[in-house]
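Novice: my questions concern the predicted model and sequence given below.
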Amino acid sequence: MITFNSLGLNPSLLKAVEELGFEAPTSVQEKVIPTLLNDQTDIVALAQTGTGKTAAFGLPMLQLLNAEASKTQGLILSPTRELCLQLTHELEQYSSGLKKINIVAVYGGANINEQSKKIKRGAHIIVATPGRLKDMIRRKLVDISAIRFCVLDEADEMLNMGFYEDIKSILTYTPDTKNAWLFSATMPPEVHTIAKKFMRNPVEITVGTKNAGTKNVAHQFFQVGGRARYEALRAVVGMNPSIFGCVFCRTKIETQKVADKLIQDGYRAAAIHGDLSQNQRDTVMNSFRKKRIQLLVATDVAARGIDVEDITHVVNYQLPDEIETYTHRSGRTGRAGKLGTSIIFVTKSDRRKIKLIENKLQIKIKECELPSPQHIFKNRIDHWVAQLKNTPIKSDLLPYIEEVEQNLADLDKKTLIELMLSHAFQAVEANPKRETLQKGEKSEASSDKKILPAQYKDRFFINLGARDHYEWTTLKDFIRSFLELGKEDIFQVEVMKNFSFFSTHKKHRNLVLNAFDDLLLDNRKISVELTKKGKTFSPKKSKKKKSKSANKKRAW
Ligand code: AMP
């Protein structure tokens, strides 16, 4: 087995790697680290995210740069803010034992002056998104004229996102003497062009087979009617109750629509797309990472840079236009040795595309049938039984057991099971027709009123509304994930153009009033106030109009 010791890394870096618990180098590290340490060369490396490529270029860069020199020596371009922050964090970990190395992240949507100040204090390495870096070069806030290493990370993603011109322009400010290290999961013609135009005899390094989807991913497809995709999605989720998945749609509108429907149907879902502000996207991503959201519905662009471990399923609600995009989507699951499933919904007329993907990526995509509603229901019961069996026993309940046992003494085992099942699934029809399947799970909003009498409720005003692209479902989801409350805890959400109202139990009053204190969305302070007793929005004009629009937007 090849060890980190044999790759030529210095003791401080070896120590950092050991402290991080890395036992052996990954294949990309095995190939890239010695090449970069020993030869002053350009490289083009084909490697997916999750293969350890950050350490593959990060460790040699940290070893080769001169900590005494204050000029910027390393530049890493990455497609998204999330990746930028992730890369910076990872490099900081690797450099923990080295003499002070300054690594500065530069990305859009954050204060440019703050970033500029950090660079002025000295940045050995700058990790940047192309758009923001170009802007800073234009304003003469950065100097990359003496860099020795330039990494293009996730080059295919950056080009997909339309950063070609920005990258080209940025490279003209770098010296010819630098070494360029390009990393990409796929090799579309645009990446070839960059390699040809801007690199000198790059060494090509491939990990695994070119363009292959991850080995740990099972690929499946379901033939569905064009209008039955949502139904199919619910069936897939119904069959996989512990799913932690990413659903890919093609448009922002569809993405939001699918997420809204899932939320209405009682699932912990959220949408992420380009119409959300950076802060809204961060909130959604944090909730997803912490698994408060079970299903993330995303456009390809918004999903870039999502590096969340443990994703069990990727659902291609529609197929993407480019086969490369399918590789990216399915590569979000099956990471770190775990198994994942990539599911495709296709209409009859699109079936031929399955063959094309199979041929191009050299994978097998298995045709599967959607289960019947009864089958799904049976599966949910099995899941419930398994969960029941795995419930940890709460020792503080033990003193009550005897009394409960006495109270239930007249029931035989079968009756007890019947009662437990009926209790757990009281709102669900055991023989549902397709349309009514999981109807009971819809009760999230409609059950509010039953649960909480008015005297226990607080009603709040929040200065977010339809102009911020919120509907009641997305606002409710945002508030509850931000406050880390459950789905029943926020109710009666009423969205107006510039502001909204929502209710909670009185016990959450302080939490709600204080939680948003430091939150800025697009540089706007979020203000949350208690409304006067039970008061909601009631425009003076046109009563008729009010009740109509309120009905449309409220959560019950
Ligand atoms: P990357 O492909 O750079 O995004 O890395 C994916 C994950 O693998 C990161 O969380 C790294 O910390 C981790 N990683 C990188 N190299 C190794 C290694 N040799 N052994 C174990 N984990 C690693």
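Specialist: Sure, I can see it.

Novice: the spatially closest residue to Ile2 that is not a sequence neighbour: neighbour count?
Specialist: In space, and not counting its chain neighbours, Ile2 is closest to Glu30: 5.4 Å by C-beta to C-beta, 6 or more residues apart in numbering. Any C-beta I mention is one placed from the backbone N, CA and C, and that applies to glycine too. Using other C-beta atoms under 10 Å, Glu30 has 20 neighbouring residues.

Novice: list the buried ones in whichever helix or strand Leu83 is part of?
Specialist: Assigned by DSSP states H and E, Leu83 belongs to helix 81-94. Buried residues in helix 81-94, counting neighbours by 16 or more other C-beta atoms under 10 Å, are found at 81-88, 90-92, 94.

Novice: using CSV, lay out those residues together with pLDDT.
Specialist: Output for those, formatted as CSV (pLDDT from 0 to 100):
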residue, pLDDT
Arg81, 88
Glu82, 85
Leu83, 88
Cys84, 93
Leu85, 92
Gln86, 90
Leu87, 94
Thr88, 96
Glu90, 94
Leu91, 96
Glu92, 95
Tyr94, 96
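
Novice: if you count neighbours, what's buried in stretch 136-144?
Specialist: Across stretch 136-144, burial judged by 16+ other C-beta under 10 Å covers 136-137, 141-142, 144.

Novice: which of those residues sits closest to Gln73?
Specialist: Using C-beta to C-beta, Ile144 comes nearest to Gln73 of these, at 9.6 Å.

Novice: surely the closest one is in contact with Ile76?
Specialist: No. The pair Ile144 and Ile76 fails to qualify as a contact (C-beta atoms under 8 Å) at a distance of 11.2 Å.

Novice: touching both of those two, which residues are there?
Specialist: Shared contacts of Ile144 and Ile76, defined by C-beta atoms under 8 Å, 6 or more residues apart in numbering, are found at Ile126.

Novice: ramachandran angles for Gly8?
Specialist: Main-chain torsions, Gly8, degrees, to the nearest 10: phi 100, psi 20.

Novice: count the neighbours of it for me.
Specialist: Using other C-beta under 10 Å, Gly8 has 15 neighbouring residues.

Novice: measure it to the ligand for me?
Specialist: Distance, Gly8 to the ligand, using C-beta to the nearest ligand atom, to the nearest Å: 15 Å.

Novice: please apply the same query to Ala67.
Specialist: Per C-beta to the nearest ligand atom, Ala67 is found 23 Å from the ligand.

Novice: pretty sure that residue contacts Ile101?
Specialist: Yes. Contact criterion C-beta under 8 Å: Ala67 and Ile101 qualify, at 5.7 Å.

Novice: any residues in contact with both of these two?
Specialist: Each of His124 lies in contact with both Ala67 and Ile101 under the rule C-beta under 8 Å, 6+ apart.

Novice: give me the more crowded residue out of the two.
Specialist: Ile101 (20 against 14).

Novice: what residues are up against the closest residue to that one other than its chain neighbours?
Specialist: Excluding its sequence neighbours, the residue lying closest to Ile101 (C-beta to C-beta, 6+ apart) is Ser95, at 4.5 Å. Neighbouring residues of Ser95 by C-beta under 8 Å, 6+ apart: 16, 62, 101, 103.

Novice: for the helix holding Leu83, name the packing helices and strands.
Specialist: With contacts defined as 3 or more C-beta pairs under 8 Å, 6 or more residues apart in numbering; DSSP states H and E, the packing partners of helix 81-94 are helix 11-19, helix 53-64, strand 103-106, strand 125-128.

Novice: distance between stretch 374-393 and the chain's centre?
Specialist: Distance, stretch centre to chain centre, for stretch 374-393: 27 Å (C-alpha atoms, centre = their mean, to the nearest Å).

Novice: convert it to CSV, retaining C-alpha atoms only.
Specialist: C-alpha atoms of stretch 374-393 as CSV (Å, rounded to 0.1, in the frame of the first residue of the first chain):
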residue,chain,number,x,y,z
GLN,A,374,-50.6,-0.7,-1.7
HIS,A,375,-47.0,-1.8,-2.1
ILE,A,376,-45.8,1.6,-0.9
PHE,A,377,-48.2,1.5,2.1
LYS,A,378,-46.9,-2.0,3.0
ASN,A,379,-43.4,-0.6,2.8
ARG,A,380,-44.2,2.2,5.1
ILE,A,381,-45.6,-0.2,7.6
ASP,A,382,-42.4,-2.3,7.4
HIS,A,383,-40.4,0.8,7.9
TRP,A,384,-42.5,1.8,10.9
VAL,A,385,-42.0,-1.7,12.5
ALA,A,386,-38.2,-1.5,11.9
GLN,A,387,-38.1,2.0,13.5
LEU,A,388,-40.3,0.8,16.4
LYS,A,389,-37.9,-2.1,17.0
ASN,A,390,-34.9,0.2,17.0
THR,A,391,-36.4,2.8,19.3
PRO,A,392,-34.0,3.3,22.3
ILE,A,393,-35.8,2.5,25.6
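
Novice: wait, what's in contact with the nearest residue to Asn316 once chain neighbours are set aside?
Specialist: Spatially, and ignoring its direct neighbours in sequence, Asn316 is nearest to Ile344 (4.3 Å; C-beta to C-beta, 6+ apart). Counting by C-beta under 8 Å, 6+ apart, Ile344 touches 219-222, 316, 319, 354, 365.

Novice: next: Arg148.
Specialist: Arg148 sits next to 64-65, 73-74, 177-179 when contact means C-beta under 8 Å, 6+ apart.

Novice: need the pLDDT of the one residue in the stretch 351-500 of the chain that gets nearest to the ligand.
Specialist: Distances between the stretch 351-500 of the chain and the ligand by C-beta to the nearest ligand atom are smallest at Leu361, namely 19.8 Å. Leu361 is assigned 82 on the pLDDT scale.

Novice: ok, now Lys31?
Specialist: 93.

Novice: what's the answer for Asn201, then?
Specialist: Listed pLDDT for Asn201 reads 90.

Novice: so it, which state does it fall into?
Specialist: At Asn201 the chain is in coil, as set by DSSP: H, G, I helix; E, B strand; the rest coil.

Novice: same check on the one 3 residues further on?
Specialist: Three-state call for Glu204 (three-state DSSP): strand.

Novice: quick one: contacts for it?
Specialist: Shown in contact with Glu204 (C-beta under 8 Å, 6+ apart): 43-46.

Novice: relative to Lys348, which of the residues you listed is nearest.
Specialist: Leu46 (34.7 Å).

Novice: just checking, the closest one touches Ile205?
Specialist: Yes. Using C-beta under 8 Å, Leu46 is in contact with Ile205, at 7.1 Å.

Novice: ok, those two, which is more surrounded?
Specialist: Set side by side, Leu46 and Ile205 show more neighbours around Leu46, with 24 against 19, by other C-beta under 10 Å.

Novice: setting aside sequence neighbours, what's the nearest residue to that one?
Specialist: Counting by C-beta to C-beta, 6+ apart, the residue nearest Leu46 is Thr206, at 4.6 Å.

Novice: how far away from the center of its chain is stretch 155-162?
Specialist: Distance, centroid of stretch 155-162 to centroid of chain: 18 Å (C-alpha atoms, centre = their mean).

Novice: repeat for stretch 136-143
Specialist: Here stretch 136-143 is found 31 Å from its chain centre; the criterion is C-alpha atoms, centre = their mean.

Novice: for stretch 237-256, same thing?
Specialist: Centroid displacement of stretch 237-256 relative to its chain, using C-alpha atoms, centre = their mean, is 12 Å.

Novice: need the three-state assignment for Glu418.
Specialist: On the basis of three-state DSSP, Glu418 is classed as helix.

Novice: all good on my end, thank you.
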